[in-house]
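My questions concern the predicted model and sequence given below.
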Amino acid sequence: MLSAIGWGGLAAASLLIGYFIGTLLDNIPESLILGMGLASGGAVNIAFLTAVFISNLPEGAAGSINLEAAGYTRQRIFWMWVILILVSTASAGLGYIAISWIPAFDGLFAQAFAAGAMLTMLADAMMPEAFEHGGGLVGLFTVLGFLAGAILSVLA
């Protein structure tokens, strides 16, 4: 099979699968937490929602740019994101329902899993490329982003 697609095709396929699985592992716990927040108090934690948005926006943009550079069509990239949005929406619904099924489930495990998935995605895919293309300021903006998330969490 490798001879039919070549190393370049294998690398491009791995890139798509890597972004898809990495984003999926990041989005599912985040969505579960959002759903649980709605079910338990009726309001979404603004700090958490802001942190999710701030982290997912560059992640999605960078992933899309890299996939397009690897030869994927915009249509294929679009449908990958649509599938991820649908899975995330279903996960939020599951989080909403799970809190009534399991009252003691407070979401700490899901938060820890989401944080680990996000750090893995950053360390494996995002940061090396960011340093390659962005230079030394990448570290500063990474710390500022983390600081903004920490401040929002403390203020909430």
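The structure has been received and is ready for your questions.

Return the set of buried residues in the biggest helix by length in the chain.
When every helix of the chain is counted residue by residue (DSSP state H), the longest turns out to be helix 2-41. For helix 2-41, burial by neighbour count (16 or more other C-beta atoms under 10 Å) applies to 12, 15-16, 19-20, 22-23, 25-40. C-betas here are computed from N, CA, C, even on glycine.

What mean pLDDT does it get?
On average, the pLDDT along helix 2-41 is 71.

Renumber starting at 18 from here on
Yes, from this point I'll number from 18; that puts the last item at helix 19-58.

low-scoring stretches of the chain, by residue?
Along the chain, the model assigns pLDDT under 70 to residues 18-30, 59-62, 120-128, 130-131, 134, 138, 142, 173.

Break down it into its helices, ranges please.
Counting by DSSP H, the chain has these helices, from start to end: 19-58, 63-86, 91-118, 125-138, 144-151, 154-172.

Could you pull up the residues touching the closest residue to Tyr113 other than its chain neighbours?
Leaving out its chain neighbours, the residue that sits closest to Tyr113 by C-beta to C-beta, 6 or more residues apart in numbering is Gly52, at 3.9 Å. Listed by C-beta atoms under 8 Å, 6 or more residues apart in numbering, the contact partners of Gly52 are Ser108, Ala109, Gly110, Leu111, Gly112, Tyr113, Ile114, Ala115, Ile116.

Val69 too?
Here Val69 is in contact with Glu47, Leu51 (criterion: C-beta under 8 Å, 6+ apart).

Quickly note the distance from it to Met53.
14 Å (C-beta to C-beta, to the nearest Å).

cool, and Leu33?
Between Leu33 and Met53 the computed distance is 30 Å (C-beta to C-beta).

likewise Leu164?
With distances taken as C-beta to C-beta, Leu164 is found 26 Å from Met53.

Identify the residues contacting stretch 87-101?
Contacts to stretch 87-101, defined as C-beta under 8 Å, 6+ apart, come from residues 28-29, 32-33, 36-37, 40-41, 44, 77, 81, 84-85.
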